[in-house]
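Enquirer: the following block contains a protein sequence and its predicted model.
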Amino acid sequence: MQLTLYTDYSLRVLLYLGERPNERITITQMSEYFDISRNHLVKVVHNLGKLELIHTIRGKNGGMLLAQEPKNINIAAVVQKVEPHMNLLECFDSKTNTCPIIKSCGLKHILFKAKKSFMGVLKEHTLADLLPENIDNPTIQHIPIEQVQAAQLNK
């Protein structure tokens with residue numbers, strides 16, 4: 001099971017802001033920190049604002065802040081809001097399904113149960129569960145992409 005990059009980035013934004021509750025973080029700061037496209041991050045941040053998960057403040061002293069306490073942000077709810085369909089297979093969407101074996105295939109039912117279990121685990125956790133106890137010392141640190149790639153090659 002794999003979440004989309006959009007969901008990944010949404011969760012990263014929330015984690016980053018959760019570790020810095022008293023700082024206004026700009027899109028540029030976060031884009032550079034995570035080495036993600038600023039344009040893509042703008043879309044993610046806009047959506048998180050519409051979902052009332054973050055506050056965005058415009059202007060010279062603008063930035064982003066969490067709109068709720070981390071303990072009130074359920075991870076499953078975030079995933080469901082930013083990835084509402086979460087179709088694991090083509091046949092999960094009856095509008096676009098073209099699979100000829102849909103009537104005799106049991107795979108959809110098994111994966112539906114797996115998805116339900118996956119979301120059940122996420123439902124047990126809030127953003128607060130994912131944050132370090134000492135937020136005065138953020139643990140989300142920047143590691144240059146080259147180091148990440150080198151570490152993956154050495155596995």
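Expert: Received the coordinates, thanks.
Enquirer: can you get me a residue count around residue 109?
Expert: 9 (other Cβ atoms under 10 Å). Bear in mind the C-beta positions are built from the backbone N, C-alpha and C, glycine included.
Enquirer: helix or strand: which one has it?
Expert: helix 107-123 (DSSP states H and E).
Enquirer: show me what that helix is packed against.
Expert: helix 75-82 (3 or more Cβ pairs under 8 Å, 6 or more residues apart in numbering; DSSP states H and E).
Enquirer: the helix it packs on: how far from the chain's middle?
Expert: On the basis of Cα atoms, centre = their mean, to the nearest Å, helix 75-82 sits 8 Å off its chain's mean C-alpha point.
Enquirer: with only the CA atoms kept, save that helix in PDB.
Expert: Extracted in PDB, the C-alpha atoms of helix 75-82 (Å, rounded to 0.1, in the frame of the first residue of the first chain):
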ATOM      1  CA  ILE A  75      -3.800  10.900  11.000                       C
ATOM      2  CA  ALA A  76      -6.500   8.700   9.300                       C
ATOM      3  CA  ALA A  77      -8.700  11.800   9.000                       C
ATOM      4  CA  VAL A  78      -5.900  13.700   7.300                       C
ATOM      5  CA  VAL A  79      -5.200  10.800   4.900                       C
ATOM      6  CA  GLN A  80      -8.900  10.500   4.000                       C
ATOM      7  CA  LYS A  81      -9.300  14.200   3.400                       C
ATOM      8  CA  VAL A  82      -6.200  14.600   1.200                       C
END
